[in-house]
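[1] need a 3D model of the following:
(3 chains)
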Amino acid sequence: MIASTYQLINTADELRTAIAELNQHPAVGFDTETTSLDPYAGRLRLVQLAAPDGRVFVIDLDRFAAGDAHKAESLAPLRALLAAPRPVKVAHNAKFDAKWTKHQLGGELGGLFDTLLASQIVSAGETDDRHGLDVVVARYLDETLDKAERLSDWSGELSAAQLEYAARDAVVLLPLREKLIERLKRDALLKCAALEFDCVLPVAALELAGIFLDEHRWREQLVRVEKRRAELARELQAMLAEGAQQGMLFAEARTDINLDSHTQLTAALKRLGVPLPDSTRNWKLQPLAKDYPVIAKLLEYRTVQKSLTSYGENILEEINPVTKRIHANFHQIGAPTGRMACTSPNVQQIPHEYEYRRCFTAPPGRKLVIADYSQIELRILAHVTEDQGFIEAFNSGADLHRVTAAQVFNVPLEQVTKEQRDFAKRLNFGVVYGIGAQRFSMLTGLSLTEAETIMARYFQTYRALDAWLRAAAQRAVRERSARTLSGRLARFNFDPEDRQAVSLVQRNGKNMPIQGASADILKRALRLLHDKLRATTACVVNVIHDEIVVEADASVAAEIAKLVEDAMCAAGAEYVKKVPVKVETQVADEWVK
DNA sequence: AGGGCGAGCCAC
DNA sequence: AAACGTGGCTCGCCCT
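    Residues are numbered from 1 along each chain as shown, chains lettered A, B, ... in the order given. All right, here's what the predicted structure looks like:
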């Protein structure tokens, strides 16, 4: 049990003294309590700062009312401490505190150590590990932390239990940091941690900014899809009812089935005499579609139904009533590869179709700058494998897929057909995922033998690539782990006797360093960009793995586009040195390329 | 009633 | 049946 004593800070004098004391230390524990999870809905109530000796200063911001200019001014020492690189502020999920600090205290955080991100980095993709503060404290400090007060009411008179909880959450952070630094050092993860910590403010700013969705346009699209769905449902019900209707006097007596229930569907299709496979899964039904119109109708219905439930009214409910924008939740370390993930809603999976994307617009007077890396994973592959064929293709500015096609089909470059280029493209992308001949033949419609021949030619053409992939697969099994260019680690737990598990690890060993390096580069770009955009009114509004969407004043959109491109290219060049990194940028009114 | 899970499908 | 990697969302179904 870590001893802690807390002192409530209610006056400007007390605050000055406390901040002066805290400024002596290299690092302080930092936590906040708020009256809501949404910085646009609630208010920042407490700021807790912990010293290494276990003393915690609990600052009650209700005593420093925002409306009172004198009292607001008296918070200046706090703002200065939070903004300074030293002392390092140690927080668990610093993104949360950064958002409130920026929005309600009007200052940016500097010098961060995030115990949540550190814990995730040390876990190295172990999906069973949880990373709540209580869990992490139990794992590294062997202590129990009671989170019962976390969601209590922080708006009124605070109880002793609440204040003790607030203080305790802050006091554990410094010892936790010590343990995590040991682990980061042991596994050579300090560089990766620095990359992640540098990305906290950009992600906080991204969430705070949100993305604008034209509600009217979205509803219009919804009405169109809903009409189509109703039409398809009606037709489908009629077709399915035919079997059940025999002997029935009144057609209207028929009861509709639940079209989304596979049990009811199976029964109805059986009545119609459709030779059903053992399930109603789409890929099983597909071959029947040409002989049975009811199956074709069902597949069409499912497509429309899917887009209606996933991209319907629900996303509009995420529009913030205050900002009228969507503030999604970005998980900075969302995947073991280091990729980000996104929820509530997942704005990284909006359908690519024009009808959907055009609803994400720039507000009046603004423009969207849409910038994405050109073939970043293949460029990373060229860099890490040092394959001369790949490197030369990229350095010469030639079309890599066309060059590949010429090699594997043994034809002159200018005689490559569109189909051949398409095969080569699928192969180039598939290689990153550890594709096999079986899958490649399935994807292209080639026979297994043809697929095998082409893949053999492919790896003869790109010998260094082949060697690297084999080595990466072996290393992953041998060391039970893989790393990216930033040193990010992914551990693989598997049973060496389980052939399927081993083969998955082999594919992961090939893929993780490539996909992960792409994530590293994007995070570095977000940091560089954040620094460049600080003095402007532009803001990052979405990030989708190799794409950054920025909203900027229309009058300066072209200059902002240049900043975005420069930051992304510079980040890429820090990691990828053997080939150029290219970024394609567009300025538009809608999120459409 | 509500959590867990698989199926299906969206993004990269 | 399974199938190249990483995610999230929604549904029905199954279990408690």
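
[2] and for A:Asp399, the neighbour number?
    Neighbour count for A:Asp399, taken as other Cβ atoms under 10 Å: 16. Where you see a C-beta, it was placed from the backbone N, CA and C, and this is true even at glycine.

[3] how near is it to DNA strand C?
    A:Asp399 is 20 Å from DNA strand C, where distance means Cβ to the nearest atom of the strand, to the nearest Å.

[4] for that residue, give me its contacts.
    A:Ala393, A:Arg421 (Cβ atoms under 8 Å, 6 or more residues apart in numbering).

[5] give me the distance between it and A:Leu381.
    16 Å (Cβ to Cβ, to the nearest Å).

[6] can you name the next helix or strand after the lengthiest helix in chain A?
    Ordering each helix of chain A by length in residues (DSSP state H) puts helix A:499-533 first. Later in the chain than helix A:499-533, the nearest helix or strand by DSSP states H and E is strand A:539-543.

[7] what packs against that following strand?
    helix A:200-209, helix A:499-533, strand A:547-553 (3 or more Cβ pairs under 8 Å, 6 or more residues apart in numbering; DSSP states H and E).

[8] now these as a markdown table including mean pLDDT and distance to DNA strand B?
    Putting the helices and strands packed on strand A:539-543 into a markdown table (pLDDT from 0 to 100; distance: least, Cβ to the nearest atom of the strand, whole Å) gives the following:
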| stretch | mean pLDDT | distance to DNA strand B |
| --- | --- | --- |
| helix A:200-209 | 95 | 16 |
| helix A:499-533 | 93 | 8 |
| strand A:547-553 | 96 | 6 |
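
[9] centre of the chain to the helix or strand where A:Arg45 lies, how far?
    When elements are assigned from DSSP H and E, A:Arg45 belongs to strand A:44-50. Relative to its chain's centre, strand A:44-50 lies at 29 Å (Cα atoms, centre = their mean, to the nearest Å).

[10] low-confidence ranges in the stretch 1-150 of chain A?
    A:1-3, A:66-71 (pLDDT under 70).

[11] mind listing the strands for the stretch 251-400 of chain A?
    A:329-331, A:341-343, A:366-373 (DSSP state E, counting those that start in this stretch).

[12] identify whichever of the ones you listed lies nearest to DNA strand B.
    Of all those, the one in closest proximity to DNA strand B, counting by Cβ to the nearest atom of the strand, is strand A:366-373 (7.0 Å).

[13] so A:Ala490 sits in a helix?
    No - per DSSP: H, G, I helix; E, B strand; the rest coil, A:Ala490 lies outside any helix segment and is strand.

[14] any idea how far the residue lying closest to it once chain neighbours are set aside is from DNA strand B?
    Residue nearest to A:Ala490 in three dimensions, not counting chain neighbours: A:Gly125, with 4.3 Å by Cβ to Cβ, 6 or more residues apart in numbering. A:Gly125 sits 16 Å away from DNA strand B, taking Cβ to the nearest atom of the strand as the criterion.

[15] neighbours of A:Gly125, just the number please.
    Residues within reach of A:Gly125, counting by other Cβ under 10 Å, total 23.

[16] what's the answer for A:Glu215, then?
    13.

[17] how about the nearest residue to it, chain neighbours excluded?
    A:Leu316 (6.0 Å).

[18] okay, now the domains of chain A?
    What automatic domain parsing lists as the domains of chain A is A:5-187, A:215-310, A:377-484.

[19] ok, which of those domains comes nearest A:Gly338?
    Between A:Gly338 and the domains of chain A, the tightest spacing by Cβ to Cβ is seen for domain A:377-484, at 6.4 Å.

[20] that closest one vs DNA strand B: in contact?
    No - using Cβ under 7 Å from any atom of the strand, domain A:377-484 stays clear of DNA strand B, coming no nearer than 8.6 Å.

[21] give me the distance between the two termini of that domain.
    From its first residue to its last, domain A:377-484 covers 12 Å (Cα to Cα, to the nearest Å).

[22] where does the residue of the stretch 1-150 of chain A found nearest DNA strand C fall, phi/psi-wise?
    With Cβ to the nearest atom of the strand, the shortest gap between the stretch 1-150 of chain A and DNA strand C falls at A:Thr127, namely 6.2 Å. Note on A:Thr127: backbone dihedrals following degrees, to the nearest 10 are phi -70, psi -20.

[23] okay, now it: neighbour count?
    So A:Thr127, with other Cβ under 10 Å, has 9 neighbours.

[24] check contacts around it.
    A:Pro336.

[25] A:Arg139 versus that one, what's the distance?
    15 Å.

[26] before we move on, what about A:Cys539?
    Using Cβ to Cβ, we find A:Cys539 at a distance of 36 Å from A:Arg139.

[27] do A:Ala80 as well
    Using Cβ to Cβ, which is the criterion applied here, A:Ala80 is 34 Å from A:Arg139.

[28] higher neighbour count, those two?
    Each of A:Ala80 and A:Arg139 has its neighbours counted (other Cβ under 10 Å); A:Arg139 has more, 16 against 13.

[29] how about the contacts made by the more buried one?
    A:Ser119, A:Asp129 are the contacts of A:Arg139 under Cβ under 8 Å, 6+ apart.

[30] which SS class is it?
    At A:Arg139, secondary structure determined by three-state DSSP is helix.

[31] just A:Leu158 next, same as before
    Assignment for A:Leu158 (three-state DSSP): coil.

[32] give me the neighbour count for it.
    A:Leu158 has 21 nearby residues by other Cβ under 10 Å.

[33] A:Leu236 too?
    Neighbour number of A:Leu236 under other Cβ under 10 Å is 21.

[34] so it belongs to a strand, correct?
    No - judged by three-state DSSP, A:Leu236 forms no part of a strand; its state is helix.

[35] now it: how far from DNA strand B?
    In terms of Cβ to the nearest atom of the strand, A:Leu236 sits 15 Å off from DNA strand B.

[36] wait, that residue sits on A:Leu299?
    No - with contact defined as Cβ atoms under 8 Å, A:Leu236 does not count as touching A:Leu299 (10.3 Å).

[37] what about the stretch 151-300 of chain A, any weak spots by pLDDT?
    In the stretch 151-300 of chain A (pLDDT under 70), the answer is A:243-256, A:260-263, A:276-284.

[38] my guess is A:Val322 meets A:Ala41, correct?
    Yes - at 6.8 Å, A:Val322 and A:Ala41 qualify as touching, with contact defined as Cβ under 8 Å.

[39] could you pull out the helices in the stretch 51-200 of chain A for me?
    Remark: helices assigned in the stretch 51-200 of chain A by DSSP state H, counting those that start in this stretch are A:69-73, A:76-83, A:94-100, A:115-123, A:133-141, A:160-171, A:173-186, A:190-198, A:200-209.

[40] could you dump these to a markdown table with distance to A:Thr404?
    Compiled in a markdown table, the helices of the stretch 51-200 of chain A are given as follows (distance: least, Cβ to Cβ, whole Å):
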| stretch | distance to A:Thr404 |
| --- | --- |
| helix A:69-73 | 62 |
| helix A:76-83 | 50 |
| helix A:94-100 | 41 |
| helix A:115-123 | 36 |
| helix A:133-141 | 46 |
| helix A:160-171 | 55 |
| helix A:173-186 | 40 |
| helix A:190-198 | 32 |
| helix A:200-209 | 35 |
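
[41] dump stretch A:110-127 to CSV, restricted to CA.
    Output of stretch A:110-127 as CSV, limited to C-alpha atoms (Å, rounded to 0.1, in the frame of the first residue of the first chain):
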residue,chain,number,x,y,z
GLY,A,110,3.7,19.0,-22.6
GLY,A,111,6.0,16.2,-21.4
LEU,A,112,3.8,13.1,-21.2
PHE,A,113,4.2,9.6,-20.0
ASP,A,114,1.1,7.5,-20.5
THR,A,115,0.9,4.4,-18.3
LEU,A,116,-2.0,3.0,-20.5
LEU,A,117,0.0,3.1,-23.7
ALA,A,118,3.1,1.9,-21.9
SER,A,119,1.2,-1.1,-20.5
GLN,A,120,-0.2,-1.9,-24.0
ILE,A,121,3.3,-1.6,-25.6
VAL,A,122,4.8,-3.9,-22.9
SER,A,123,1.9,-6.4,-23.4
ALA,A,124,3.0,-6.6,-27.1
GLY,A,125,-0.4,-7.5,-28.5
GLU,A,126,-1.4,-10.0,-25.9
THR,A,127,-5.1,-9.6,-26.4
